[in-house]
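In: sequence and computational prediction follow.
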Amino acid sequence: MNERYDIRLNKAYMNANNDIEWIISDIQHIEDTIEAMPGEWKQDPTSGVGVGMFLNSSGLETTIARKVMIELQKDLYRCNNPTVSYTSDGKVNINPNL
């Protein structure tokens with residue numbers, strides 16, 4: 001799959017010719033998909049993993065990994081084996097292994 005590009009949205013950014021800047025947006029898109037709650041995006045109400053619901057809950061690694069894989073595959077990413085782990089303070093670490 002080709003890289004996806006987006007327009008940089010940053011007030012502090014101003015290039016010399018007042019032009020827009022194209023940036024690669026795959027990483028930001030993946031982070032947004034993992035953090036978004038289902039129903040949060042009006043244009044696609046079923047999208048989103050909602051990782052915030054899984055904080056401080058152990059034993060749900062396979063559930064989270066499955067949700068991550070389904071949501072990223074809907075966006076045409078090759079995500080076949082995401083890894084999920086918890087830190088000692090209850091945070092969730094997700095590696096989508098793209």
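Out: In hand now; what should we look at? Predicted, not measured: the structure shown is a model, and the values here were computed from it. Numbering: from 1, shown residues only.
In: quick check: residue 31 is in a helix.
Out: Yes - the assignment for residue 31, made by DSSP: H, G, I helix; E, B strand; the rest coil, places it in a helix.
In: what's the spacing between it and residue 88?
Out: 23 Å (Cβ to Cβ, to the nearest Å). Where C-beta positions appear, they are placed from N, C-alpha and C, glycine not excepted.
In: one more: residue 64?
Out: Here the distance between residue 64 and residue 88 works out to 18 Å (Cβ to Cβ).
In: who has more neighbours, the two?
Out: The neighbour comparison of residue 64 against residue 88 (other Cβ atoms under 10 Å) goes to residue 64, with 23 against 5.
In: ok, and the closest non-adjacent residue to that one?
Out: By the measure of Cβ to Cβ, 6 or more residues apart in numbering, the closest residue to residue 64 outside its immediate chain neighbours is residue 84, 4.6 Å from it.
In: wait, a strand at the one you found?
Out: Yes - if the criterion is three-state DSSP, then residue 84 is within a strand.
In: remind me which residues of this protein are low pLDDT?
Out: Within the chain, the stretches with pLDDT under 70 are 1, 10-19.
In: where do the strands sit along it?
Out: In chain order, the chain shows strands spanning 5-7, 22-24, 83-86, 92-95, with DSSP state E as the criterion.
In: of all these, which one comes closest to residue 52?
Out: strand 92-95 (9.0 Å; Cβ to Cβ).
In: what's the longest helix seen in the chain packed up against?
Out: Counting by DSSP state H, the longest helix found in the chain is helix 61-74. Other elements packing on helix 61-74 under the criterion 3 or more Cβ pairs under 8 Å, 6 or more residues apart in numbering; DSSP states H and E are helix 26-35, strand 83-86, strand 92-95.
In: mind putting the ones you listed into a markdown table with mean neighbour count and distance to residue 74?
Out: Formatted as a markdown table, the entries for these read as follows, by neighbours: other Cβ atoms under 10 Å; distance: least, Cβ to Cβ, whole Å:
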| stretch | mean neighbour count | distance to residue 74 |
| --- | --- | --- |
| helix 26-35 | 15 | 9 |
| strand 83-86 | 16 | 18 |
| strand 92-95 | 15 | 16 |
